[in-house]
Every structure is written in C-alpha cells, then in structure tokens.
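Visitor: Build me a model from this:
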Amino acid sequence: MSQVSADAVTLDFLKEARETVRTSPLGVIRTPMIPWSRTTLPPSAGCSVQLKLENMQRTGSFKIRGVANQFARRPRGGRFVTVSAGNYGKSFAFASKHYGSKGKVVMPETAPESRAVLIQSFGVEVERVPTSSLMTAVNRCVQDDNMTFLHSFDDLDLIAGHASLGLELLEEAPDPDVVVVCCGGGGLLAGVAAAIKLSGCDKTRIYGVEPEGACTMYKSFIEKKPVGMDVKSIAAGLAPPFAGRLPFELCQRYVEQIVLVSDDEMKAAVSALYGAGLVVEPSGSATFAALLHGRIPDLEGREVVCVLSGGNIGKDELADFPD
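Guide: Model (predicted):
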C-alpha cells in the first residue's frame, strides 16, 4: 500500500490526472448534471439541488475514472489482483481486457452473484471469500502468483482519477455551497473533496455519506485514525471493512462531516429515483437518501450538488425494493 501523504495531492497533480482520464482509451464520459427540480422527484426542501449522474458513466459507476488513471500509470500486460464488491471490479475487469492484463478480483461472499458473473464475462477470475479473509486471499495471489495488488480505494493514482469528477462538476457549478458524496473506503470522497478545495472553493461544505452498518470513515473521524469494523449493509459498494489511510488523511483535511443513512432509507431512495426514471444502486443512492431524510444541515437557500455514484443494480435486486 502506498505510504504517500496527503501533501502529495496538489491541484496540478489532479489536473494532470483529469487530462489522463479525459483522454483515456477506456472511454470515460463527461456525465450529465441535472436539476432536481426538472425531474419528477418530490420537491427538494428549500434549496437548489443538482444531481451528478455517475450512474450513467461507462461501466455504470464513477470507478472507471480512478481505474483509467491507475492503468495508465502501470505497465501494459501486467498481472493484477484487487478486492471489490462489484463496481471497482467491473471497471478493473473492463480495463484489464482492454490493456491485455491478467486480472483477478477477490470478492466478499456477501456481494451479489450477478456482479461476479459480470466481472468474469471480461475474462477476469473471481474468487469469493468471507469478508474477514479478503486480504489473506490477496496476499496469497501476490506471494504465490506474483501478482501486483491494485487497491480499490487507498491508492494515490486512483484518488487522483476520481478527483476528475470534482473538477468536472465545478465547470457546471463553479462555487457550490454544499457537495454530497458517498463514502466507502473513501477514495471518491477524498478525490472530489481535494479537487474542490484545492480549486479555491474554501466555503464549500463537503459531506460524506455512509451506511449505518458500514461507517468506517465516520468512526475514523471520531477516533482520529483509520479504523475497521464488522460491516453489514445493503450497500455493498460502501462496505469495505476499513477506511483507507490516504483517503482518511484527505477527508480529515477537506471534508466537513460524515453523515449516516440506514438501509431502509437507501431502499426508499432507490425506489424514489427509479420512479423518476433514474436507475441507481443502493451505494449510489446514499447521498440522495441523506438529502431526502434531512441528514445534511443548513441547506435553506443553498446551491447543492448531489453525486449519484453508480447504477449497477440487477432486476433481481430491484425486485426486493418497495414500490
């Protein structure tokens, strides 16, 4: 794992990564940002909200941004192993196929089977293990199979790639009052927050949103160091067993607060968004759930950007959500 500090993340470094992402052969797109008021969603309470639709990104989530920068900085045809509950694994597999790399995804047994099948369709091996055994499996691949570990959230190049989302949203909302971003291991939140703050938006308040049952960054903020926990949440993409070290440092520096939402609140958010024609997975809907249930303070009259981070949800999963 990289031991670089948060000081390595400069605006010039992030702008360079943004150009790498923008020109990547993986086809990363500039995702649309639409006003909440122009959807059929219930009116937002007293503030102007823009929805950044990363659920429409190539491979269905923001993860392709970080992966594009990671793979651009690694040798072609390498042998890589990673850990993912789905979205990072999908982007990792997509990139592995494009670059001719040998890849393996170690996946928690709790992740939906459909996501494992999808990753395997790109020619990448999947090994499903108990959450407590994820890193044991990775270390075996590194030692026995001579594979290089690519971290799915605690990696400088990955975070810089994710920061392209922050720089992109500032082009449409140059000085937002509030930006709301989901948080699992913290790679996306760290990248977006650093991009916004280093761009000079000193007054912008940035909030991370985690599930109540997988609140590693929330607990890390309290304990002032990265911590782990036994995680359990419907939002598998937001439920790594620990917060990343570099993401924690960046979030502590640039993020206002971490707020929590329940599984039921995310289910309701998925259903509300689906009713408005937006297919968003539980992990991607956490930010919307936080707004819908009043978790973000002092929004009256504010300009808000809400990142919907992913839309990889199968018909079998949607069937379990309320109408």
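
Visitor: helices or strands next to whichever helix in the chain runs longest in the packing?
Guide: The residue-count maximum for a helix in the chain (DSSP state H) belongs to helix 156-172. Helix 156-172 sits against helix 11-22, strand 48-53, helix 63-72, helix 187-198, helix 245-254, strand 303-308, with contacts defined as 3 or more C-beta pairs under 8 Å, 6 or more residues apart in numbering; DSSP states H and E. The way it works is simple: take the backbone N, C-alpha and C, and place the C-beta from them, glycine included.

Visitor: Now do the buried residues in that helix.
Guide: Residues 156-170 are the ones in helix 156-172 that count as buried (16 or more other C-beta atoms under 10 Å).

Visitor: quick revisit: how about the helices and strands packed on helix 156-172 in TSV, adding mean pLDDT?
Guide: Below are the helices and strands packed on helix 156-172 laid out as TSV (pLDDT from 0 to 100):
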stretch	mean pLDDT
helix 11-22	98
strand 48-53	97
helix 63-72	97
helix 187-198	98
helix 245-254	98
strand 303-308	98
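
Visitor: Dump those to a markdown table, plus distance to Glu109 and mean neighbour count.
Guide: Output for the helices and strands packed on helix 156-172, formatted as a markdown table (distance: least, C-beta to C-beta, whole Å; neighbours: other C-beta atoms under 10 Å):
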| stretch | distance to Glu109 | mean neighbour count |
| --- | --- | --- |
| helix 11-22 | 32 | 18 |
| strand 48-53 | 31 | 22 |
| helix 63-72 | 21 | 29 |
| helix 187-198 | 23 | 28 |
| helix 245-254 | 25 | 23 |
| strand 303-308 | 27 | 24 |
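
Visitor: For Leu260, find the nearest of these.
Guide: Nearest to Leu260 among the helices and strands packed on helix 156-172 is helix 187-198; the distance by C-beta to C-beta comes to 13.9 Å.

Visitor: For that closest one, name the packing helices and strands.
Guide: Counting contacts by 3+ C-beta pairs under 8 Å, 6+ apart, helix 187-198 packs against helix 11-22, helix 63-72, helix 156-172, strand 178-182, strand 205-211, helix 245-254.

Visitor: Now with 10 Å, please.
Guide: helix 11-22, helix 63-72, helix 156-172, strand 178-182, strand 205-211, helix 245-254, strand 303-308 (3 or more C-beta pairs under 10 Å, 6 or more residues apart in numbering; DSSP states H and E).
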